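> Here's my sequence, what's the structure:
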Amino acid sequence: MPSLREVMKSSDNTLIRTLSEDTTAVRQEVPRQVDHHFVRVVPAKPVDPKVVIISNEMCKEMGIEKDESEFEKLLSGSEVADGCSPWATAYGCHHRGSYMGQMGDGRAMSLCEVSPNGQRFEIQLKGAGRTPFNRTFDGKCVIRSCIREFLMSEHLHALGIPTTRALAVFTTGDSVMRQWVNHDTDRLEIQNEPGALTVRVAPSFIRFGHFEFFWRKENFDHLKLLADYAANRCYGLPTGEVSSYITLFEEIIQRSAKLVASWMGVGYVHGNMNSDNMSIHGLTLDFGPFGMMEDYKPHWNSWVATPHYGYSRQAKCMEHNCLVLSRCFIDLIEHVGGSPDDVQKVSDAQGKFYEYFTNEWNDIKRKKLGLSAYSLDVDELWHTLTDLMEVDYVDFTTVFRTLSNLDGVDSAGEALDKLVAGGIFRHGFPEGEREALWIKWLEAYLLLQRDSLLQKSVNPSIILRNYLALEAYSSFPDVSVLQSLHDALKTPFSDSHIGSKYYGPAPDWATSKPGVHQTT
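Just a heads-up that it's a prediction; the model follows:
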């Protein structure tokens, strides 16, 4: 395999070759308004960079040799390799319907675009220092957030969910001041934490917010340039054609709808579904206050600031982001002389969001139940089960994995015993009327023809629970806990995890602990 340095030397940085550069002669750490697509930046040199963890799988997919010493030099900001020309991009954002103005890559810098095996990857550093978009923040990350992002993005990939990837995490040798929960006192305190950065990888990091930024400014020249670039670079479509804009938007709608359904299938809650956190590739992007739902609570969100982005609201939030994006495309198409029929095609594509989402979600539900085809009976079975789960504080992941292991079980009573033994009921065995309701549901379920192999292919045995992430980053600088957890999460559907320390609901202490069950 080629070395990282060799791959970087042959970079083809299409974004900075194609889009509009801001060349204002101001120091990059000074916040300012930018009217172009990107600015060139230089990563802050770390004090003492050290490898924390590297994704072997990502190295293989990129076709590069894993070399810790070389990675420390070229991916930590210590050295800008030949072929790299770091940049940060401008984008906007709306939050819960209100436009927030310019956001941009405040602490993210893309190094280069490489394609060592024919597949294109954009390599980006998160936590490498200030850019003009820093909004007076320090441009840094801490080990806690970097470990969380590394674990979750690689775990989602193993779960089969489209996501940006994590190549590596480094410590920088800096001490970074952050307000976070002191886990000894359970109080928010200003603390010094180890500085770190994440190296993340994606086909591109173009977001809905990139389009919204220039649309809000009514800068249609830059909006058109961006749309042409995204259509050609990301989807291989011809530039300068209205049909390409329509196809691009249709692809974004389909992928975004299916992405949300796939999140919900494993209980993933993004936590902060602003438009600047949505990828035009239909990838999971930006890992802030994310969390995996444990007890089934339809409106649960790990971020205490709002239930607005809760588990069951994610499709609605994504649909709204797509609606705003549709206005960008409609106005662009009108600006370049597109016909009313062209505009209608964008509106029609937007109107199909829930059709795409519902079809994908129904398919996921029937697979989780092990059924060969979807019907309204499946929907009734699902809703009856989730109603029971909500009332009885049932662990979302464990109940479906246990239902995948009912081969040879003949009676509802025996099935309920297996559910209880699996630890799905946080508050103990459901008695009286509650027990009778579970028995009734299980009697109906056991009569159906079920495919346990299908179930096990979509119902993970383990997930990245927040308390496991806490144990991983709290153990630093000992990285053995992190490495062991990462290794386990790479095979989330394996029966080998059943009975392991990673299997089953979170311990009681983790269900209400600040910074674990919910985050700020």
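
> mind saving the C-alpha coords of stretch 151-168 as PDB?
Extracted as PDB, the C-alpha positions of stretch 151-168 are listed here (Å, rounded to 0.1, in the frame of the first residue of the first chain):
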ATOM      1  CA  LEU A 151     -16.500   5.500  18.400                       C
ATOM      2  CA  MET A 152     -19.900   6.500  17.100                       C
ATOM      3  CA  SER A 153     -19.000   7.200  13.500                       C
ATOM      4  CA  GLU A 154     -17.100   3.900  13.100                       C
ATOM      5  CA  HIS A 155     -19.900   2.100  15.000                       C
ATOM      6  CA  LEU A 156     -22.600   3.500  12.700                       C
ATOM      7  CA  HIS A 157     -20.600   2.300   9.700                       C
ATOM      8  CA  ALA A 158     -20.500  -1.200  11.300                       C
ATOM      9  CA  LEU A 159     -24.300  -1.000  11.700                       C
ATOM     10  CA  GLY A 160     -24.600  -0.300   8.000                       C
ATOM     11  CA  ILE A 161     -25.700   3.300   8.400                       C
ATOM     12  CA  PRO A 162     -24.300   5.900   6.100                       C
ATOM     13  CA  THR A 163     -21.900   8.200   7.900                       C
ATOM     14  CA  THR A 164     -18.800  10.200   7.800                       C
ATOM     15  CA  ARG A 165     -15.800   8.200   9.000                       C
ATOM     16  CA  ALA A 166     -13.100   8.700  11.600                       C
ATOM     17  CA  LEU A 167      -9.600   7.800  10.600                       C
ATOM     18  CA  ALA A 168      -7.800   8.700  13.800                       C
END
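
> ok, now which ones touch the residue nearest to L464 when sequence neighbours are not counted?
Setting aside the residues directly before and after it, L464 is nearest to H155 in space (C-beta to C-beta, 6 or more residues apart in numbering), at 4.8 Å. Every residue, glycine included, has its C-beta placed from N, CA and C. Going by C-beta atoms under 8 Å, 6 or more residues apart in numbering, H155 touches I463, L464, L489, K490, P492.

> What of R216?
Contacts of R216 by C-beta under 8 Å, 6+ apart are G92, Y99.

> for the one 3 residues further on, same thing?
The neighbourhood of N219, defined by C-beta under 8 Å, 6+ apart, consists of D35.

> so what pLDDT did it get?
What the model reports as pLDDT for N219 is 98.

> separation between it and V346?
In this structure, N219 and V346 are 19 Å apart, going by C-beta to C-beta, to the nearest Å.

> Filter the contacts of H155 down to just the buried residues.
By neighbour count, with 16 or more other C-beta atoms under 10 Å, the contacts of H155 hold I463, L464, L489, P492 as buried.

> Now, those that are in strands?
In strands, defined here by DSSP state E, there are no members of the buried ones among the contacts of H155.

> Mind telling me the two of those residues farthest from one another?
Spatially, the most separated pair among the buried ones among the contacts of H155 is L464 and P492, at 8.8 Å (C-beta to C-beta).

> Tabulate the contacts of H155 (a markdown table), appending distance to P86 and pLDDT.
Listed next are the contacts of H155 as a markdown table, based on distance: C-beta to C-beta, whole Å; pLDDT from 0 to 100:
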| residue | distance to P86 | pLDDT |
| --- | --- | --- |
| I463 | 35 | 98 |
| L464 | 30 | 98 |
| L489 | 31 | 98 |
| K490 | 30 | 98 |
| P492 | 34 | 98 |
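
> any chance of the residues you listed in CSV, plus distance to I16?
CSV is the format used below for the contacts of H155 (distance: C-beta to C-beta, whole Å):
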residue, distance to I16
I463, 38
L464, 35
L489, 35
K490, 34
P492, 37
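
> quick one on the thing from earlier: return the mean pLDDT over the helix or strand where the residue nearest to L464 lies, rounded to an integer.
Assigned by DSSP states H and E, H155 falls within helix 143-158. Helix 143-158 comes out with an average pLDDT of 97.
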